[in-house]
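**Q** I would like the atomic coordinates for the input below:
(2 chains)
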Amino acid sequence: MSWGVNWKASVGLLGVGIKYLAVTMLVPLVVALVYGEDIWVFLVSMAIVAAIGFAVERVDPDPDLGPREALLFVSLAWIAAAAIGTVPYLLAGYGTESTIGLQTGSIGALTGSIVNALFESMSGFTTTGATVLGEISTDRHSHAVLMWRQLTQWLGGMGIIVLMIAILPEVAVNGAQLMESEAPGPELQKLTPKIAETARALWLIYFGFTVVYIVILYGLHVFGMAPNMGLYNAVAHGFTTLPTGGFSPEADSIAAFSAAVQWVVIPFMVVAGVNFALFWHVLRGEAKVMLKNAEFRAYAGALAVVTAVLAVLLFRGAAPAIELGGATQGVAENSLRQAAFQIGSLLNSTGYATADFAQWDTDAQIFLMFAMFIGGSAGSTGGGVKIVRWLIVGKAIRRELFTSAHPDVVQPIRLSGSVVDEDAIRGIMAFTILYLVLFGVSAVFLSLDAARIGTQLTMLESTSASLATIGNIGPGFGRLGPFGSYLFFPDTSKLLMVFLMWIGRLEIVPVLAVFISAIDTR
Amino acid sequence: MAVWNGRGVPSDLAVIARDIGSLLLMEAGLMTVSVAVALAFGELHAALGFLVAGGVTSLVGGLANRRFADAPEPKMKHGMVIAAGGWLMVAVFGALPLFLTAWVTPAAVMDAFVPAAVDTSSWEPIGVGGTTTLSSLAYFRDPLHAFFESMSGWTGSGLTMAIHEPSLPRAVQWWRSFIQWVGGVGVIVLTVSILSRPGSGSYALYRSEARERKIHPSVVSTVRTVWKLVVAYTLLAFALLFAAIRASESAYAESLSVGETAWQALNHAMTGLTTGGFSVTDNSIATYGSPLVEAALLPIMILGAIAFPIHYVVLRDRNVRELIADLQTRWLFALLGAGVLVLSVQNVASVSTTADAFATESFLSVPVPLLDGAQLDAVRDSTFQWISALTCTGFQSAPIGRWLAGAKVLVVGAMVLGGAAGSTVGGIKIVRGYTVARGIAWQFSRVFLPKSAVVTARIGDRTLDRETMEREFGEAAIVTLLWLVALVVGSLVLVNVAGPEFGYADALFEVASAQGNVGLSSGITGPSMSPLAEGMFVLNMWIGRLEIIPVLVFARAALYGLNP
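**A** So this is what the prediction gives:
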C-alpha cells in the first residue's frame, strides 16, 4: 500500500540526518576524553549510529521529496533523533544502577529501561526537560553522558531540520516546506530569498547567543562570583538555556548557583522565547521591526505583568521558607528574583528552577500553571500554544462579537499592521482546540493509568504532567516538581508522554496532516 | 453615531428597553397565575408575595414598554442584546416572588410547611428574625440566594439553594418548576429564531427571507408551534410519571397520597421535559429509591434533548425515521449508549474502592449473572446519571460527590457536550462539537490541496461548499474555545474558594454543571457556599444558556453601544 506517500524518499533522507547525528557525538566524546570516563561508550555509539545512518540511507539513496514526503520526513525525523539519542544512555548505564541504562534482568526491566531512555531522549530533543533520571549527579552518571543530555536540547532547540537545511544542499531544495512544518508557530518568515540562508542566519544567531552566554557564565566564575559555575557547567547550561530546554547536570537546577548567575540566566531565558527572526532584523539595524512586532510586545507585557503579580504574591508569603530558594516573605530582592526566574522559565517553556515551586501555596502554583499555558513566541525555541496564537484567537473573538451584531460587515484581522489570512486564523482555532482537548484527555488518561498501578495522582499532578509534556515545558507540580522526577509513572504513561512531547514540538500539524491525508486518499 | 429619538434615549436602547419590557410584562402574567396556585393551596403569605412581585414587575415592564412604544422594529443586531439582557432581567425579577414570600412569611408559618412525617433531625435550623425555622424558604431572605434560584430556574439549570424542597410552600415549588418550563420554551425559541447562526445547527422552523431583517414574526410563529408540542409532551410525561410513582413499591412512593403523587408527577414532568432539573422532593430522584420512576424519567429527559424542529417534523410527517435521518439525534443516541457503557464500566470497576457510593443490595429480585448487588447498582446509577448529564437535565439519583475523580471527569465530558441544538439542553451542543471535529479534520486534510481546489464537506444531509464550511467551523470553534476557557477559569476560581474538602475534580464538575445548565452537584452548591462562587455560578448559568456570544455582545453594547 502506498498511502499516497513515497515513504522511501522520506526514510532515505532520514538516513542522512542520522549519519550527521553521529558526528555531533564528538562533543560528548571530547568530554569523555577530558574526564577519562565512558570513552568507549561514545566511540561505540558513534559507530552504531553511523552504521544505522548508512543503512537507512540505502533505502533511497537519491530522495526526491514532495510536500507529503517532506511532512512525513519531519514527523519521522524527531522520532528517529529520539531513538538514536538513547544509544549512549543505554550503553553507558549498562550494568549500573542508572534508570536509563540497559537492564537485561527481565523482560519488564528491559522494556522499562528502554522506555526510560526514550523518554529522556525525547525530552531532550524536544527541549522539554522532563526527566526520569532518578539521581542527577556526576557520581551516578559520567560527565560525558550528562553533556550528551544537554547537547540533545541544544540540537533540538533551533530545530534539527533547520540545521540540516542550513548545511545540507540536498535538503535545502525543499527547505521552505520542511521549515514551515518544523518551525514553532503558525507561519514562517522568510528572511532571505534562499531558504538555506535563512536557516543559516537563524542558526548563527542561535550559536552567537549561546557563545556569548557561555562566556558570561564562565566570566562570572573567573571573577569569583559563581563558585560552582566551572567551564563544564557553563557549557552545559549554555546548551540548554537558549533552546528553552531546562536540563541541568546539577540536581538542584539553577538553585545550585549564586544569585548573580540566576540574574544572568533570566535575560537569556527571556531571549530564548523571542522570535529569532526579530534579532536578525536588529542585527541589520532595524530595531524598529522588533519594537513594533505585536507578538514581541505581548510577550514582554505578559512577562512583566505575570512576574509582577507573582513577585507580590511571594513577597506577601505565598512560599514557605524552603531550603532551596530561601525565604521570600518580606524579602524584596529574592521575591523579585524568584518570580522573574520562575516565570521566565515556565512561561516560555524552559523549565529551570531556582526554588521548589511545587511547595508553594496552591494559588501560586495555579498561577504558574496559567503562565505555562501562554508559551513562547512563534519562531522562538519555546513550546506551548505560543503568544501569537492567543493574540489571534483573542482578535477573532473580538471580531465575532462585532460581526454577530453586524452580519454584513467584513472586517479583516490585523497583526502588526498586516492582514492575517483567514485560513491561518481557522488553522489556529483548530490547533488551539486540539491542543486543549489533547491536554485534557491525556490528563485523564495519566490519572487513570497511574491508578491502575496503585498510584493516586492529584489533579494538579495529572494536569501538569500533561501540560508540561505537550507544552515541552518539563517540570510540573507535586511529585513532578522541578526537583522531582517522572520516574514513578507506568511505562504506558511514559510512552503517552513521549508522544505528547513529540506532537507538542511539531505542533500537531505535520503528524495529523500525514495521518489524515493518508486516510483520505486511500 | 447614535440615532436619537427626541426623548433623550438612543433609538437602539429604546428598542431594547421596549422589548425587554414586554418580556417582563409576560413574566408578571406568570406571577399572577402563580397567585392562583398559592390561593388554591391556602398559602396567603405566598399569594401576597407573588401579587406584590407581579405588581412591581408589571409596573417596570409596562413603563418601559409604554414609554418606548413607538421605537422602531428590532433588527438582528438587537436580537442578541435583547436575548442576553432579557434573560438577565427576567431572572432578576423572577427572584422577587421568592425574596418577598420569604420576607412576608413569619417563622411560625414557615415551620408549617415542613412535612410532619419527615425526620428533620439532620436539618440545619435557619435564623429568621430572632427565632429559627427548618423551612428552606428562609434561605430566600438572602437576595443573592433568591437571584441564584431564579437564574437557575430560568436557565433550566437546576442547581438549588433550597436544600429541603418539601419544606417550601407549594406556590414556591410551583414557581420553580414553572419558570424552568417556560424558560425551556424560551430557549427553544431563542436557539431556533435568534441564535440560528452558522455553526449552531441553524434550525429555522420557518425559513423566511424576512427573518434576516425582522425578528418578531419568526419568534411569534416559533412560539406557537413549540408551545403546542411542549404542552402535549408535558401531559404525556405527567401521565407516565404518575403511573410509575403509583406502581412503585418503594416505601416512600407508597406513602404518597394520590394528590401528592399528582403534584410531584406534574412538577417533575415539567422540569424533566424541559431538561431543567428542579425537583420537589428532598433528594431529587434518589428520594423515590425506585428503578421504575428512574426508568420512566429516561425517555422524558431524552425527549427534551432532541431538537424541537425534529419533533415537529416527525409528528407532522408521522414518520419516526426522520429521527434517525437527523445527524444530531443519531449522535445523541450513539453518545447515550456509548456513555452509559463506559461510565458503567468505570463505576463497576470502582465499587470496591469507593465507600458508600453505591447500594449493597441488588434492586432486582432475580439475580443477574456476573454482577453483584453493588455493581448492579453502579450500572443503574451510571445509566441514569449519564443520561441526566448528557441531556443537561440534572436529576440526581446517586451521590456523585463520592464517585472517583475519573467518573466525575467522564460526566463532565457529557455536561460540556450536551444534547442537540434546538432543544433545551446546555453545553456546546452536539452539532457544534461535530462541526469542530469535522472542521479540524478538514483543515488538515487539505494541507496538500492547492488553494483553488473545489472541495465540499458534508454535515448531516447538508453539503457545504468551502466558504460555508469555513464559516461554520470558525463560528463553532470560537464558541467552543470560549466555553472551554470559561470552564477552566471558573474551575480555577472555584477550587480556591470551595473549601479544602473539595478537590479540583469537584470544582470542574460543578462549574461544568452550572455552565452547561445541567444541575448535577458534587456537593459544593448550597446556601453555605462562598458568595463569590455563588455569584460566579449565576454568571456561568447565564452565559451558558445564551451560548456566551450574546452575553459578550451585550457587554460590548453596554460599554460601547451597538454601532460600529
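
**Q** excluding chain neighbours, what is closest to the closest residue to chain A within chain B?
**A** For chain B and chain A, the shortest gap (C-beta to the nearest C-beta) falls at residue B:504, measuring 3.4 Å. Glycine gets a C-beta too; all of them are placed from N, C-alpha and C. Using C-beta to C-beta, 6 or more residues apart in numbering or on different chains and skipping the chain neighbours, the partner closest in space to residue B:504 is residue A:459 (3.4 Å).

**Q** correct me if wrong: the one you found contacts residue B:505.
**A** Yes. Counting by C-beta atoms under 8 Å, residue A:459 does reach residue B:505; the two are 5.7 Å apart.

**Q** mutual contacts of the two, please.
**A** Counting by C-beta atoms under 8 Å, 6 or more residues apart in numbering or on different chains, the residues touching both residue A:459 and residue B:505 are residue B:405.

**Q** ok, these two, which is more surrounded?
**A** Remark: of residue A:459 and residue B:505, residue B:505 carries more neighbours, 25 against 21, as counted by other C-beta atoms under 10 Å in any protein chain shown.

**Q** spatially central residue for the chain, please.
**A** Using chain A here. When C-alpha atoms, centre = their mean is applied to chain A, the residue found nearest the centroid is residue A:127 (2.6 Å).

**Q** can you look at chain B instead?
**A** residue B:156 (2.3 Å).

**Q** is it true that it lies in a helix?
**A** No. Per DSSP: H, G, I helix; E, B strand; the rest coil, residue B:156 lies outside any helix segment and is coil.

**Q** helix, strand, or coil at the nearest residue to it once chain neighbours are set aside?
**A** The spatially closest residue to residue B:156, leaving aside those adjacent along the chain, is residue B:276, at 4.3 Å (C-beta to C-beta, 6+ apart). Of the three states, residue B:276 takes coil under three-state DSSP.

**Q** any low-confidence regions in the chain?
**A** This is for chain A. Judged against pLDDT under 70, the low-scoring parts of chain A cover residues A:1-4, A:169-177, A:180-190, A:407, A:509-511, A:513-522.

**Q** to clarify, I was referring to chain B.
**A** In chain B, residues with pLDDT under 70: B:1-9, B:76, B:192-218, B:355, B:446-457, B:459-462, B:562-564.

**Q** okay, now the residue of chain B closest to chain A: neighbour count?
**A** 21.

**Q** cool, and residue A:111?
**A** When neighbours are counted by other C-beta under 10 Å, residue A:111 registers 12.

**Q** separation between it and residue A:22?
**A** Between residue A:111 and residue A:22 the computed distance is 26 Å (C-beta to C-beta, to the nearest Å).

**Q** now residue A:118
**A** Distance from residue A:118 to residue A:22, by C-beta to C-beta: 19 Å.

**Q** so for residue A:359, what's the nearest residue that isn't a sequence neighbour?
**A** residue A:322 (5.5 Å).

**Q** let me know the outermost residue of chain A.
**A** The C-alpha centroid of chain A is most remote from residue A:408, which lies 43.6 Å away (C-alpha atoms, centre = their mean).

**Q** doesn't that residue lie inside a helix?
**A** No. Residue A:408 is assigned coil when assessed by three-state DSSP, not a helix.

**Q** for chain A, which residue gets nearest to chain B?
**A** residue A:459 (3.4 Å).

**Q** around residue B:487, how many other residues sit close by?
**A** Based on other C-beta under 10 Å, the number of other residues close to residue B:487 is 24.

**Q** got a list of what it touches?
**A** So residue B:487 contacts B:416, B:508, B:511, B:512, B:515 (C-beta under 8 Å, 6+ apart).

**Q** would you confirm that the last one contacts residue B:484?
**A** Right, the one you point to is residue B:515. No. Taking contacts as C-beta under 8 Å, residue B:515 lies outside contact range of residue B:484: 10.2 Å.

**Q** which one's more surrounded, those two?
**A** It is residue B:515, of residue B:515 and residue B:484, that has more neighbours when counted by other C-beta under 10 Å, with 30 against 17.

**Q** need the contact list for that one.
**A** B:426, B:483, B:486, B:487, B:490, B:540, B:541, B:543, B:544.

**Q** neighbours of residue B:320, how many?
**A** 9.

**Q** phi, psi of the closest residue to residue B:241 other than its chain neighbours?
**A** In this structure, residue B:241 finds its nearest non-sequential neighbour in residue B:265, 4.0 Å apart by C-beta to C-beta, 6+ apart. Dihedral pair for residue B:265: phi -60, psi -40, per degrees, to the nearest 10.

**Q** just give me the neighbour total for residue B:265.
**A** By the measure other C-beta under 10 Å, the count of residues near residue B:265 is 24.

**Q** if I look at it, how far off is residue B:257?
**A** In terms of C-beta to C-beta, residue B:265 sits 12 Å off from residue B:257.

**Q** now swap in residue B:185 and tell me
**A** 30 Å.

**Q** what about the two, which has more around it?
**A** Counted by other C-beta under 10 Å, residue B:185 and residue B:257 do not tie: residue B:185 has more neighbours, with 19 against 8.

**Q** which stretches in the stretch 401-522 of chain A count as helices?
**A** Under the criterion DSSP state H, counting those that start in this stretch, the stretch 401-522 of chain A carries helices at the ranges A:422-452, A:459-470, A:491-505, A:509-521.

**Q** for residue B:115, find the nearest of the ones you listed.
**A** Closest approach to residue B:115 among the helices of the stretch 401-522 of chain A (C-beta to C-beta): helix A:459-470, 39.6 Å.

**Q** now do the closest one against helix A:422-452, angle only.
**A** Here the directions of helix A:459-470 and helix A:422-452 differ by 130 degrees (axes from the mean of the first three to the mean of the last three C-alpha atoms, to 10 degrees).
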